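Novice: Here you go, sequence then predicted model.
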Amino acid sequence: MGVHTGISWAVEQSEPVGPQVYRSLRERIIRGDLEPGGLISEAEIARAFSISRQPVREAFIKLAEEGLVEIRPQRGTLVRKINIASVMDARFVREAVEADIVRIVAERRDPHVVASLNAQIEAQRNVAHQKAGDFLQLDETFHRTLAAAADKAHVWSIVNNVKAQMDRLRQLSFIMSSAAERAVDQHHAIVEAIAKGDAQGADAAMRAHLRQILSDLPVMAELRPNYFDSLDFQSNAT
């Protein structure tokens, strides 16, 4: 399978091309536009972006380091299937980091932060039954806002670098009609605890939110078994 010709590929002239190509490909892999197991062509992508092959090659290398693609010399580059162990590792890291983050935010109990988070939740509700990609962008903003409110923006950037496989699974989970609405309710529980200054409650709500993936994983593995590199999710579900 080659590059999806129906996708618009464009670059901004105001910033370097390489990072744009990397971000664009990464986003398309996470969204599932470039499906697991599919081949993508360095030459085709270079033509689609109207650029040389060098920045595409560099993007492929970075994506390979994240476990999103497998570079096969003389054979093309394969979009890797979702790695369950990586999903579980990312969930573990996120829970450890974000539970502490919401504790800090709850202890500070900043009304401006609470107002911003509540506004974001309303925006999330408005798109919960629409495009999964739009909802996940708002979800990303929500978690990033929490990190910034705890003065942990740099920590969030580190977490973001290790959660690509988890994001792929979360994107896939939104084929379930109730998944986005459920996530919004979980976000609401987190913000309610923060608004009360309840650090323990915020911690528990965040952990429950991030553990939802443990329930979603076997469902997704059954619905889309060809998207996973292994169906041995039980031994990794910790």
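Specialist: Perfect, I can see it now.
Novice: Pick out the residue nearest the middle of the protein.
Specialist: Asp167 (2.8 Å; Cα atoms, centre = their mean).
Novice: Let me see the contact set for it.
Specialist: Ile30, Leu136 (Cβ atoms under 8 Å, 6 or more residues apart in numbering). C-beta here means a position set from N, CA and C on the backbone, and glycine is covered the same way.
Novice: avg pLDDT for the helix or strand where it lies?
Specialist: Using DSSP states H and E, Asp167 sits within helix 164-173. Mean pLDDT, helix 164-173: 91.
Novice: Next SSE downstream of that helix?
Specialist: Taking DSSP H and E, what comes next after helix 164-173 is helix 179-196.
Novice: what mean pLDDT does that next one have?
Specialist: Helix 179-196 comes out at a mean pLDDT of 96.
Novice: In CSV, list the C-alpha atoms belonging to that helix.
Specialist: The C-alpha coordinates for helix 179-196 follow below in CSV (Å, rounded to 0.1, in the frame of the first residue of the first chain):
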residue,chain,number,x,y,z
ALA,A,179,-15.5,6.5,24.2
ALA,A,180,-15.2,10.3,23.7
GLU,A,181,-18.2,11.1,25.9
ARG,A,182,-16.8,8.8,28.6
ALA,A,183,-13.4,10.6,28.4
VAL,A,184,-15.1,14.0,28.8
ASP,A,185,-16.9,12.7,31.9
GLN,A,186,-13.5,11.6,33.3
HIS,A,187,-12.0,15.0,32.6
HIS,A,188,-14.9,16.6,34.4
ALA,A,189,-14.3,14.4,37.5
ILE,A,190,-10.6,15.5,37.5
VAL,A,191,-11.6,19.2,37.2
GLU,A,192,-14.2,18.9,39.9
ALA,A,193,-11.6,17.6,42.3
ILE,A,194,-9.2,20.3,41.4
ALA,A,195,-11.9,23.0,42.0
LYS,A,196,-12.5,21.6,45.5
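Novice: in the very next helix or strand once past that helix, what counts as buried?
Specialist: Next along the chain after helix 179-196, taking DSSP H and E as the criterion, comes helix 199-223. Neighbour-count burial for helix 199-223, counted by 16 or more other Cβ atoms under 10 Å, picks out 199, 201-206, 209-210, 212-213, 216-217, 220-221.
Novice: before we move on, what about stretch 10-30?
Specialist: Val11, Val17, Gly18, Gln20, Val21, Tyr22, Ser24, Leu25, Arg26, Arg28, Ile29, Ile30.
Novice: ok, of those residues, which one's closest to His143?
Specialist: Ile30 (14.9 Å; Cβ to Cβ).
Novice: Look up the pLDDT of that closest one for me, please.
Specialist: Per-residue confidence (pLDDT) for Ile30: 92.
Novice: Isn't it up against Met166?
Specialist: No - counting by Cβ atoms under 8 Å, Ile30 sits too far from Met166 to count as a contact (9.6 Å).
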